[in-house]
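**Student:** let me see the structure of the following:
(2 chains)
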Protein chains: 2
Amino acid sequence: MELLKQRILKDGQIKDNNVLKVDSFLNHQMDVSLFTELGNEFKRRYENCGVNKILTIEASGIGIACLTAQAFGCPVIFAKKTQTKNIAGEVYTTQVESFTHGKIYDIIVSTRFLGEKDRVLIIDDFLANGAALRGLIQLVKDAKAELVGAGIVIEKAFQPGGDIIRSSGVRVESLARIKAMSVEGGVAFV
Amino acid sequence: MELLKQRILKDGQIKDNNVLKVDSFLNHQMDVSLFTELGNEFKRRYENCGVNKILTIEASGIGIACLTAQAFGCPVIFAKKTQTKNIAGEVYTTQVESFTHGKIYDIIVSTRFLGEKDRVLIIDDFLANGAALRGLIQLVKDAKAELVGAGIVIEKAFQPGGDIIRSSGVRVESLARIKAMSVEGGVAFV
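**Tutor:** Sure thing, here's the model as predicted:
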C-alpha cells in the first residue's frame, strides 16, 4: 500500500538495525485518518469473504482493528494478555512468547464472543516472528470458528513468521512488507 | 446518552454489587458502530474547544479514543502501562493505583507527542475512583499542555472519583452516570 510505505519512509526510525520505530503514527501516537485508510484497504482485500468478526490483541492492534471493523460493519474482540478479575467464566487461552519484551504470557478470549458461527479476520500492527499471530490463530481454532485470514500493517519479511504461517495454509495480507532495513541503508520493501 | 443507557440496561451484568460487566460491547468485544456514536457525542459536547489531541490509556480506552479522534479529525496518544524497549528517550511518567487489579503501575507518554501547543481531551471507558484519570491529568500538566476536559463512557457516580476531579476544576463529561447498582435492583442512572 503506497500511502503506508511513503509514511514509513517519512516517519519511521530504524534503531539497532532491527527495531523499526513507528510510534509517531502507528503504536503510541495513532494517526486515525491513516487507520481509516488501512481499514478500507483490508476491506478491499477481504471483500466478499463473509467476515463477521475482527480479532486482535491488546494494546497496539486495537485502534487499527476498530477502524477495520468500521469498514466491515462488524465488532472487534481483543485478546487480553493476562487474566483480570473482570473476565469471569470460560475462556480460550494459549501462550505467546514475546521477543520484544523477552517473556512468555497467556492470551485469553471469552468463549462467549468467539464460536463456530464466526468468520474471523485477525488484525495486528506488526508481524515478525509470528508468535502473537500464531497464538491468535490457535484461539480461532479452539473456538471452532472459521479463519478468513490475517491483515497485518507492517511485516518484517526478513524474519520467518509470515512465511511459516502462510505455508500452514493461512492467508496473510500485509500492507507493507519490509525486505531489509538498516540504520545506514534505510528501509527496503519487497 | 440514551442509546448508551439502554445498551447498559440490556447487556450489562452486575457482579458482586460493585462490578458492572460490559464486556459484550465495551471492553472485550467492542461494538464499533456504538463507538462511532459515542465519538460523535463527545464531539458534540466538546465542539469549538479546539481539541487537537486525544489522550487515553491502554488497553480498553483505545477503541473509543480512536472513534472519538475520527470525529475530531485529530490523532490519539495512548499512555502505556509499563516501559517497553520500543519507547526510547524522554517520557512523562506518573504512578497509578489500580483498584481492579490491586497494584500500582507506572504510566508513560513520550515527550515527543504531548507539549504546550496541545489542547487535550482525555477519553476513557470507566471512571470510578478516578486513579487512572488523575494520572492522565498529571501527564497533561507535566507536558504543559492545555487540558480541555475528560470524556468518560460510564461513570460510577456512587464512587468518589468524578466529584473529586470536577471539584479540582476539570470538566468531566460522562455519557452514562450510574447512581446505584445491585444484583437485585439493577442499574439506576443519575
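**Student:** list of residues touching the longest helix seen in chain A?
**Tutor:** Looking across chain A with DSSP state H, the single longest helix is helix A:32-45. Here helix A:32-45 makes contact (C-beta atoms under 8 Å, 6 or more residues apart in numbering or on different chains) with A:1, A:3-4, A:7, A:25, A:63-64, A:66-72, A:121, A:123, A:151, A:153, A:173, A:175, B:66, B:69-70, B:73-76. Every residue, glycine included, has its C-beta placed from N, CA and C.
**Student:** kindly recompute the last result at 7 Å.
**Tutor:** A:1, A:3-4, A:7, A:25, A:63-64, A:67-68, A:70-72, A:123, A:151, A:153, A:173, A:175, B:66, B:69-70, B:75-76 (C-beta atoms under 7 Å, 6 or more residues apart in numbering or on different chains).
**Student:** just the buried residues of these.
**Tutor:** A:1, A:4, A:7, A:25, A:63-64, A:67-68, A:70-72, A:123, A:151, A:153, A:173, A:175, B:66, B:69-70, B:75-76 (16 or more other C-beta atoms under 10 Å in any protein chain shown).
**Student:** neighbours of A:Val19, just the number please.
**Tutor:** 13 (other C-beta atoms under 10 Å in any protein chain shown).
**Student:** so what sits opposite it in the bridge?
**Tutor:** Under the criterion DSSP bridges, A:Val19 forms beta bridges with A:Lys15.
**Student:** for it, give me the pLDDT.
**Tutor:** pLDDT, A:Val19: 91.
**Student:** for A:Lys156, see how far away it is.
**Tutor:** 10 Å (C-beta to C-beta, to the nearest Å).
**Student:** all helices for chain A, in order.
**Tutor:** Using DSSP H, helices in chain A cover A:2-11, A:32-45, A:62-72, A:131-142, A:161-167.
**Student:** would you reformat these as a markdown table and include distance to A:Thr100?
**Tutor:** Below are those laid out as a markdown table (distance: least, C-beta to C-beta, whole Å):
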| stretch | distance to A:Thr100 |
| --- | --- |
| helix A:2-11 | 18 |
| helix A:32-45 | 21 |
| helix A:62-72 | 17 |
| helix A:131-142 | 10 |
| helix A:161-167 | 13 |
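**Student:** nearest to B:Thr93, out of those helices?
**Tutor:** helix A:62-72 (22.0 Å; C-beta to C-beta).
**Student:** let me know the angle separating the closest one from helix A:32-45.
**Tutor:** Interaxial angle, helix A:62-72 versus helix A:32-45 (axes from the mean of the first three to the mean of the last three C-alpha atoms, to 10 degrees): 50 degrees.
**Student:** packing partners for helix A:62-72?
**Tutor:** Using 3 or more C-beta pairs under 7 Å, 6 or more residues apart in numbering or on different chains; DSSP states H and E, the elements in contact with helix A:62-72 are helix A:32-45, strand A:53-57, strand A:76-79, strand A:119-127, helix B:32-45, helix B:62-72.
**Student:** any chance of these in CSV, with mean pLDDT and distance to B:Leu139 too?
**Tutor:** Converted to CSV, the helices and strands packed on helix A:62-72 look like this (pLDDT from 0 to 100; distance: least, C-beta to C-beta, whole Å):
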stretch, mean pLDDT, distance to B:Leu139
helix A:32-45, 98, 20
strand A:53-57, 98, 25
strand A:76-79, 98, 23
strand A:119-127, 98, 23
helix B:32-45, 98, 19
helix B:62-72, 98, 14
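**Student:** how about those in a markdown table, adding distance to B:Leu127?
**Tutor:** Shown next, in a markdown table, are these (distance: least, C-beta to C-beta, whole Å):
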| stretch | distance to B:Leu127 |
| --- | --- |
| helix A:32-45 | 23 |
| strand A:53-57 | 25 |
| strand A:76-79 | 21 |
| strand A:119-127 | 28 |
| helix B:32-45 | 14 |
| helix B:62-72 | 13 |
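**Student:** mind listing what the residue nearest to the spatial centre of chain A touches?
**Tutor:** Centroid check for chain A by C-alpha atoms, centre = their mean gives A:Asp124 as the closest residue, at 1.2 Å. For A:Asp124, the contacting residues are A:56-57, A:61, A:132-133, A:152, by C-beta under 7 Å, 6+ apart.
**Student:** turn the residues you listed into JSON lines, columns for distance to A:Gly102.
**Tutor:** Listed next are the contacts of A:Asp124 as JSON lines, based on distance: C-beta to C-beta, whole Å:
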{"residue": "A:Thr56", "distance to A:Gly102": "22"}
{"residue": "A:Ile57", "distance to A:Gly102": "17"}
{"residue": "A:Gly61", "distance to A:Gly102": "20"}
{"residue": "A:Ala132", "distance to A:Gly102": "14"}
{"residue": "A:Leu133", "distance to A:Gly102": "19"}
{"residue": "A:Ile152", "distance to A:Gly102": "22"}
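**Student:** ok, back up a step: and the gap between the residue nearest to the centre of chain A and B:Lys156?
**Tutor:** In this view, A:Asp124 and B:Lys156 are 33 Å apart by C-beta to C-beta.
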